[in-house]
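**Student:** Quick one: sequence and predicted model below, then my questions.
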Amino acid sequence: MAEKKIILTGDRPTGRLHIGHYVGSLRRRVELQNSGEYDKIFIMIADAQALTDNADNPEKVRQNIIEVALDYLSAGLDPEKSNLFIQSQISELTELTFFYNNLVTVQRLQRNPTVKAEIQMRGFNDDASADNKAGIPVGFFCYPISQAADITAFKATTVPVGDDQLPMIEQTREIVRRFNTTYAPVLVEPSALLPEGESCMRLPGTDGKAKMSKSLGNCIYLSDTSETVREKIRGMYTDPGHLQVSDPGKVEGNTVFTYLDAFCKPEHFEKFASCFVGKKVSFSFASLDEMKAQYRAGGLGDVMCKNFLYEILEDTLAPIRERRHKFEQDIPYVYEVLRKGSDAAREVAAQTLAEVKRAMKINYFEPGILDELIAEQSEKYR
């Protein structure tokens, strides 16, 4: 019998999802969901993981669960095809994490490149003499183990990630191998599914900075209004050396073209041809490569490029925005989706936990096992 193909993926509920999330993961999830290639797809709102560095602000995490759920549904995730659930409602994940803690050393966690990068990004102080507020929360430090519990609880064979998350998947694979060798071959070793092509990698912020961040105010959210999207694109970072329309421009490092790489399709040039018609110049492009060549040669202004990008993003975001508004009018339905998804996820995780406990020989009161223990130890002490 062929092994079932199962996906586990998700997001931390730290705010509304932006187009970086859409390009990096959400768009691909919808494609995978509709491909029919997978037996099960579990999509997790990772609120417990969000609390590892937001423990003093649980209300923020609580309120953002609905924001993420609305973005999921409006982007096209279908509860009939994908299981949407809340991480903290699956207590079995916490138990698995506790058992896996014994299979990983502190030194191994310290070597994890993703953990090191995340610690630096959040400004945690790894000085042992630092006070608790400045130090690294233990829960955050150990979240690769928690992530391994999330993946293995559902026996996921595939985990869609960016290349920056590959060390996390490798750590999970190590835990699986250690557990299966030490106890019994219960857990499934997952594989990473990387984005296809550079256009699916992480988008920079609208200001050209490497990462979209709510605190930096450089995000375009899936739920932004049409006018908000227009204003953000107007202020977008381009080529600082492209001062006059006639000047040759650089495409590399130009945020407008980075976004066009991610969203532009050949049919957009015919659909939005009016963007390239002005009082003094008029262009006709058949592809993004032609448009880039003209920008490099000079004569193509940033305003035309930004107007074209706006039309493309509106073409993508308008249906998502419309669906979100519909779901916003039926919040009880959204929570029912999450409740049913969490119930179904808990059943699967409970089965895996039972197998794990059986392998570890800590299933004392399982039917049949207790009778065996009583008989064996009664004989021992007779």
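**Tutor:** Noted; the coordinates are in hand. Nothing here was measured: the structure is a model prediction, and the numbers come from that model.
**Student:** from here on, contacts and neighbour counts on C-alpha atoms
**Tutor:** Fine.
**Student:** give the contact list for A46.
**Tutor:** A46 makes contact with G10, D11, R12, P13, I86, Q87, S88 under the criterion C-alpha atoms under 8 Å, 6 or more residues apart in numbering.
**Student:** Counting neighbours, which of these comes out on top?
**Tutor:** P13 (26 neighbours; other C-alpha atoms under 10 Å).
**Student:** does it count as helix, strand or coil?
**Tutor:** Classification of P13 using DSSP: H, G, I helix; E, B strand; the rest coil returns coil.
**Student:** separation between it and K326?
**Tutor:** 21 Å (C-alpha to C-alpha, to the nearest Å).
**Student:** so who does M212 touch?
**Tutor:** Contacts of M212 (C-alpha under 8 Å, 6+ apart): G20, L203, P204, G205, T206, N218, C219.
**Student:** Need phi/psi at the fourth one.
**Tutor:** Phi and psi for G205, reported as degrees, to the nearest 10, are phi -70, psi 170.
**Student:** Show residues contacting stretch 161-170.
**Tutor:** Residues outside stretch 161-170 that contact it (C-alpha under 8 Å, 6+ apart) are 24-25, 112-114, 144, 147-148, 159, 190-195, 201-202.
**Student:** pLDDT below threshold where in the stretch 151-300 of the chain?
**Tutor:** For the stretch 151-300 of the chain, the stretches with pLDDT under 70 are 197-201.
**Student:** give me that answer again for 50
**Tutor:** By pLDDT under 50, the stretch 151-300 of the chain has no low-scoring segment.
**Student:** now L260, nearest residue through space, not along the chain?
**Tutor:** Nearest non-adjacent residue to L260, counting by C-alpha to C-alpha, 6 or more residues apart in numbering: L309, 6.4 Å away.
**Student:** thinking again about what came up before, when you filter the contacts of stretch 161-170 down to buried only, what's left?
**Tutor:** Buried residues within the contacts of stretch 161-170, defined by neighbour count using 16 or more other C-alpha atoms under 10 Å: 24-25, 114, 144, 147-148, 159, 190-192, 194-195, 201-202.
**Student:** Which members of the residues you listed occur in helices, if any?
**Tutor:** Judged by DSSP state H, the buried ones among the contacts of stretch 161-170 include T114, P144, Q147, A148 as members of helices.
**Student:** For the last one, give me its contacts.
**Tutor:** If a contact means C-alpha under 8 Å, 6+ apart, then A148 has T97, I169, Q171, T172, I175 as its contacts.
**Student:** Mind picking the two most distant members of the residues you listed?
**Tutor:** Largest separation among those by C-alpha to C-alpha: T97 and I169, giving 15.1 Å.
**Student:** F308 contacts C275, doesn't it?
**Tutor:** Yes - at 5.6 Å, F308 counts as touching C275 under the criterion of C-alpha atoms under 8 Å.
**Student:** How is this protein partitioned into domains?
**Tutor:** 6-202+330-373, 226-327 (automatic domain parsing).
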